[in-house]
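Peer 1: Following is a predicted model, sequence given first.
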Amino acid sequence: MQISEEITIKVSPNVAQAYQKATERKKQSLAALVSLFLREDLNEEVDFLGKLMDEISDRAVSRGLTPEILETILNE
């Protein structure tokens, strides 16, 4: 079972009223949509970090850094 945490967001009074009147199923659907929406942002950040690390690695290799040299540096 996945742990859920409550968050607060600002919406118009009409939206707040509609949410309060919504069925539990609609509320769960909205929670799932928000989770997916925000997870996409998180995945984009992870993808960006991975791409950045790959670029740094490629540059290091093009400048002559080999796994052996890296290991020597890390062991010093």
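Peer 2: Structure's in. What do you need?
Peer 1: hey, where'd the helices end up in this protein?
Peer 2: Along the chain, counting by DSSP state H, helices occupy 13-21, 24-62, 67-75.
Peer 1: now the last one and helix 24-62, what's the angle there?
Peer 2: Okay, so that is helix 67-75. 100 degrees (axes from the mean of the first three to the mean of the last three Cα atoms, to 10 degrees).
Peer 1: Put together a markdown table for the helices of the chain, with mean pLDDT on each row.
Peer 2: What follows is the helices of the chain, written out as a markdown table (pLDDT from 0 to 100):
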| stretch | mean pLDDT |
| --- | --- |
| helix 13-21 | 95 |
| helix 24-62 | 81 |
| helix 67-75 | 81 |
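Peer 1: Quick check: which of these is nearest to Ile3?
Peer 2: Set against Ile3 and scored by Cβ to Cβ, the helices of the chain come closest in helix 24-62, at 12.3 Å. Every C-beta, even on glycine, is put in place using the N, C-alpha and C of the backbone.
Peer 1: buried ones in that closest one?
Peer 2: Across helix 24-62, burial judged by 16 or more other Cβ atoms under 10 Å covers no residue at all.
Peer 1: Could you give the separation of it from the chain centroid?
Peer 2: The chain centre lies 4 Å from the centre of helix 24-62; the measure is Cα atoms, centre = their mean, to the nearest Å.
Peer 1: what does stretch 54-65 give?
Peer 2: That offset, for stretch 54-65, works out to 26 Å (Cα atoms, centre = their mean).
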